[in-house]
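[1] Generate a structure from the sequence data that follows.
(2 chains)
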Amino acid sequence: MSSETDFLLGVEGLTVSFDGFKAVDDLSFYLDRNEIRVIIGPNGAGKTTVLDLICGRTKATGGSIRFKGRELTRMKEHEIVRAGVGRKFQTPSIYEDLTVFENLEISFPRGRSVFGALAFRRDADVKDRVEQIARDIFLADRLNDLAEYLSHGQKQWLEIGMLLIQDPALMMLDEPVAGMSVSERKKTAELLHRVIQDRSVLVIEHDMDFVGDIAHKITVLHQGRVISEGSMAHVKADPKVVEVYLGH
Amino acid sequence: MTFLNRKDIAAIAILAVLLLAVLPLCLDPFRLNLVGKYLTYGFVALGLVLCWGDAGILSLGQGIFFGLGGYCMAMYLKLEASSPEATKIQSTPGIPDFMDWNQITSLPLFWRPFHSLAFTIVAVPLVPVLLALIIGLAMFKRRVGGTYFAIITQAVAAILTILIIGQQGYTGGVNGITDLRTLNGWDIRPDHAKIVLYFINGGLLIVCVLLAQFVRRSKLGRILVAMRDKEDRVRFSGYDVANFKIFVFCLAAGLAAIGGAMFTLQVGFMSPSFVGIVPSIEMVIFCAVGGRTSIFGAIYGALTVNWARTTFSEGLPQLWLFAMGSLFILVVVVFPDGLAGIYRRYLDPLVDRMLPPVRRRIPVAAVAETPQVSPTFAE
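    Numbering: from 1, shown residues only, chains lettered A, B, ... in the order given. As a prediction, the model looks like this:
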């Protein structure tokens, strides 16, 4: 919106080192609007660190992350969220002591200041939106249950719902189908296909069938660097990728 | 009053009847005054429920705020008791007696505004809240939390005690500020005044319970619980987590301060023995025994433990500290949710059965669309 550049997210020369170890090393990639990008790579390739850097959880040692023309590396976590970046964690990160409704309501993007939260009213707007999201994530009949009673797959969906209700321009998902049953995987793929309308999605995933099903483009990371990028067919045929990742 | 459900109203009514009718009718003025003193710890416990029980921020320094509130009130009362006529035998009449004993010849600057009752009433909550704000900003903005935060609050409590004891000429030292007589000309020492103060204290406590319940039932209350559970998730939902922690810590400090001021009024003095590490930890124990996630539990906890302390101290004073320690261990090991936990497990289901079934106003419209949700899950 504020930028004339055609990409939504531009990562350039991104580097982070932990005590000299470069977890992400001079990484660059660009994400278009409405693109689904999947990041794959062996363990320790720096996939989760890249998401951490984009959402501000980890501070970059060098390089830049531009999102809609704004520099994210200098912003605080909550400002990045408000700018339109949503993040789902690897293990389901939901509020177990609250109901499904309350989980979604807290993520509703209004009343985010202290006094805003005190004055927040559960009006028709909020209820409609929560119910609509709950239907999308297959939890419409669980709204009044405590989140701790949900199954693992349902918790993952709830967290995706908590992102959806924020309506982020960029949604980042860390292994959204890990630990799911086959039928849950299918439903999640269906859910993701539906939620990606009008937004960009950055996904980390190991399940190659799932990746092939959703990805527009794949970025392969190895030791903090991009070793290959392109379509599923291109990446699969790349000998470097076969050597470090797919071959094993 | 949409933030109160039927059970809240019942619980508040029971508390109000107990505090404002049953106890005053059953107890003599001396015992009633003691209960009034115990209830001042109820304010602290209330704040701890929000700060510790809900938000998961353990403060081991609530004595700081209790004490500061109490000292603000004591300074006002002391100045009123130190009129030039009442202190004409001193070498400098018109200043508190302990200052005269310490060769101080004029009233220190920071004491002067406490001539005004209006200023004092504002200062009682404001001074402690400002200190809490400073501590909160310094700690939470830097993401200091958990055990480290608890230790810092202990350190501040220790520093404040040392400061008060060391600066005897300005603070009354280890003896505290004693010999308090009148509040705006009204003698606070006779029995009938103590009864009036008891009712003011009880009324204020009910008001604070309503305030606490309002906060807990707002979205802010749910964010506090969410933060305790998954701080990162709250942060990555667009909230500045530090601000919420600072707010709840300040609120708890303000509540403790009101308790401290009411303590000074009812007990007639304030001293560093209510400020330091040991009283601060005791306050946490009151809250834990009552149940740190229940505001009513915490108030009954403060009442029960203090009542037990008095009873023990009258009979077997040397055993009290052991009894208190054992009580705390027992609660932590056997009843982690305190009295409130026992109530919830054994009595609440009975109450549910006894209450006539009503059509509950469930705040989620979806329930109406999904009638298969059984009413027992509606809570």
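[2] Would you confirm that B:Cys72 contacts B:Val124?
    Yes - the pair B:Cys72 / B:Val124 is scored as a contact, 4.7 Å apart, by C-beta atoms under 8 Å. All C-beta spots, glycine's among them, are computed from the backbone N, C-alpha and C.
[3] which residues are in contact with both of the two?
    By C-beta atoms under 8 Å, 6 or more residues apart in numbering or on different chains, B:Cys72 and B:Val124 have these common neighbours: B:Ala257, B:Ala261.
[4] what's the burial count for the nearest residue to B:Ile281 once chain neighbours are set aside?
    Closest residue to B:Ile281 apart from its sequence neighbours, by C-beta to C-beta, 6 or more residues apart in numbering or on different chains: B:Leu60 at 6.0 Å. By other C-beta atoms under 10 Å in any protein chain shown, 22 other residues sit near B:Leu60.
[5] what sits against B:Leu60?
    B:Ala150, B:Ile151, B:Thr153, B:Gln154, B:Ala157, B:Ile277, B:Ser280, B:Ile281, B:Val284.
[6] Does the third one touch B:Ser280 like I think?
    Yes - under the criterion of C-beta under 8 Å, B:Thr153 is in contact with B:Ser280, at a separation of 7.4 Å.
[7] Give me the common contacts of these two.
    B:Ser59, B:Leu60, B:Gly61, B:Ile64.
[8] any idea which of those is the one closest to chain A?
    Of all the shared contacts of B:Thr153 and B:Ser280, chain A sits closest to B:Ser59, with 18.2 Å by C-beta to the nearest C-beta.
[9] still on that earlier bit, state the helix or strand in which the residue nearest to B:Ile281 lies.
    Assigned by DSSP states H and E, B:Leu60 belongs to no helix or strand.
[10] Can you pull the phi/psi pair for it?
    phi -100, psi 30 (degrees, to the nearest 10).
[11] What pLDDT is listed against it?
    The model reports B:Leu60 with a pLDDT of 96.
[12] Let me have the contacts of B:Leu60 in JSON lines, extended by distance to B:Ile14 and secondary structure.
    Formatted as JSON lines, those follow (distance: C-beta to C-beta, whole Å; DSSP: H, G, I helix; E, B strand; the rest coil):
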{"residue": "B:Ala150", "distance to B:Ile14": "33", "secondary structure": "helix"}
{"residue": "B:Ile151", "distance to B:Ile14": "38", "secondary structure": "helix"}
{"residue": "B:Thr153", "distance to B:Ile14": "33", "secondary structure": "helix"}
{"residue": "B:Gln154", "distance to B:Ile14": "35", "secondary structure": "helix"}
{"residue": "B:Ala157", "distance to B:Ile14": "34", "secondary structure": "helix"}
{"residue": "B:Ile277", "distance to B:Ile14": "34", "secondary structure": "helix"}
{"residue": "B:Ser280", "distance to B:Ile14": "29", "secondary structure": "helix"}
{"residue": "B:Ile281", "distance to B:Ile14": "29", "secondary structure": "helix"}
{"residue": "B:Val284", "distance to B:Ile14": "25", "secondary structure": "helix"}
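[13] Now do the end-to-end distance for stretch A:111-124.
    Stretch A:111-124 has an end-to-end distance of 15 Å (C-alpha to C-alpha, to the nearest Å).
[14] And for stretch A:73-91?
    End residues of stretch A:73-91 are separated by 25 Å (C-alpha to C-alpha).
[15] quick one: buried residues of that stretch?
    A:73, A:75, A:77-78, A:80-89 (16 or more other C-beta atoms under 10 Å in any protein chain shown).
[16] that's a helix at B:Leu126, yeah?
    Yes - residue state for B:Leu126 (DSSP: H, G, I helix; E, B strand; the rest coil) corresponds to a helix.
[17] That one: neighbour count?
    16.
[18] Tell me the pLDDT of it.
    98.
[19] how about it, what does it touch?
    B:Leu126 neighbours (C-beta under 8 Å, 6+ apart): none.
[20] quick one: stretch A:83-91 to chain centroid distance?
    Distance, stretch centre to chain centre, for stretch A:83-91: 5 Å (C-alpha atoms, centre = their mean, to the nearest Å).
[21] correct me, but B:Ala81 touches B:Ile177?
    No - look at B:Ala81 against B:Ile177 with C-beta under 8 Å: they stay out of range, at 9.5 Å.
[22] Looking only at neighbour counts, state which of these two leads.
    Set side by side, B:Ala81 and B:Ile177 show more neighbours around B:Ile177, with 25 against 17, by other C-beta under 10 Å.
[23] Quick one, grab the pLDDT at the closest residue to the more buried one other than its chain neighbours.
    Nearest residue to B:Ile177, sequence neighbours excluded (C-beta to C-beta, 6+ apart): B:Ala74, at 4.0 Å. Note on B:Ala74: pLDDT of 97.
[24] Can you get me a residue count around B:Ala74?
    30.
[25] Distance-wise, check B:Tyr239 relative to chain A.
    5 Å (C-beta to the nearest C-beta, to the nearest Å).
[26] where does that residue fall, phi/psi-wise?
    phi -100, psi 140.
[27] Identify the residues contacting the most far-flung residue of chain A relative to its centre.
    Distance from the C-alpha centroid of chain A peaks at A:Ala119, with 30.0 Å (C-alpha atoms, centre = their mean). By C-beta under 8 Å, 6+ apart, A:Ala119 lies in contact with A:Gly111, B:Ser218.
[28] Go again with 10 Å.
    A:Gly111, A:Ser113, B:Ser218, B:Lys219, B:Leu220 (C-beta atoms under 10 Å, 6 or more residues apart in numbering or on different chains).
[29] Likewise for B:Gly172?
    By C-beta under 10 Å, 6+ apart, the residues touching B:Gly172 are B:71, B:74-75, B:78, B:96-99, B:101-102, B:164-165, B:178-179, B:269-272.
[30] Which ChimeraX command selects the buried ones in those residues?
    Buried subset of the contacts of B:Gly172, written as a ChimeraX selection, criterion 16+ other C-beta under 10 Å:
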select /B:71,74,75,78,96,97,98,99,164,165,178,179,269,270,271,272
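[31] now, which of the contacts of B:Gly172 lie within helices?
    Using DSSP state H, the subset of those located in helices is B:Tyr71, B:Ala74, B:Met75, B:Lys78, B:Asp97, B:Phe98, B:Met99, B:Trp101, B:Ile164, B:Ile165.
[32] For those residues, could you give me a markdown table that also reports distance to B:Ala308?
    As requested, the ones in helices among the contacts of B:Gly172 are arranged in a markdown table below (distance: C-beta to C-beta, whole Å):
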| residue | distance to B:Ala308 |
| --- | --- |
| B:Tyr71 | 27 |
| B:Ala74 | 27 |
| B:Met75 | 32 |
| B:Lys78 | 32 |
| B:Asp97 | 36 |
| B:Phe98 | 34 |
| B:Met99 | 38 |
| B:Trp101 | 37 |
| B:Ile164 | 28 |
| B:Ile165 | 29 |
